[in-house]
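Predicted model and sequence follow; I will ask about them next.
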Amino acid sequence: MDSIIKALNDMGLDAHTKVSSLGSIIKIEIKFDPLERERRALNAYKASLRSSNQNRDISGQLIQQIDHFLKRVESTRMEKVLVAAPSQEGLRLLLDQVMRIGKEMIDKRREADELRKLIRLFLSYVREYARASDND
């Protein structure tokens, strides 16, 4: 089990994983959500737009865009549970899976970085719309 923990640390996955043993079974839980803050912001603006009494057409279009972004944000999220027997073969298979997941997380992080930029631009537009609507 120490080799698995070391591999997770070496790959920088230790912040996103929890390793435990259930009897003779090794269990790794991976939770990766690079856009959690953006998801919360999108949901907050969506709720705000729904409750506003401003132009329903524009608010509806903005809510549709928020829903689109939320779907894309969800695609960058990852939750996995891996289990293996503590045998040499089990540990090797587990390490192989962790390596594949690590590569997948790198891709998701790259996608999240691009999406984060788009969300920031979009939310600045939504904030401006909300500010202008409040001044009317």
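That came in fine, so what should we check first?

Distance check, the residue most central in space within the chain against residue 112.
Nearest to the mean C-alpha position of the chain, counting by Cα atoms, centre = their mean, stands residue 33 at 2.5 Å. Applying Cβ to Cβ, to the nearest Å, the value for residue 33 to residue 112 is 9 Å. (Glycine included, C-beta is placed from N, CA and C.)

Give me the common contacts of the two.
residue 76 (Cβ atoms under 8 Å, 6 or more residues apart in numbering).

Run through who's touching stretch 82-89.
Counting by Cβ under 8 Å, 6+ apart, 1, 21-22, 24-28, 30, 90-91, 93-94, 97-98, 101 sit against stretch 82-89.

now residue 72, nearest residue through space, not along the chain?
residue 115 (5.7 Å; Cβ to Cβ, 6 or more residues apart in numbering).

Just the buried positions in the helix or strand of the chain with the lowest mean pLDDT, please.
Averaged element by element with mean pLDDT, DSSP states H and E, the chain has its least confident helix or strand at helix 2-10 (a mean of 84). Across helix 2-10, burial judged by 16 or more other Cβ atoms under 10 Å covers 4, 7-8.
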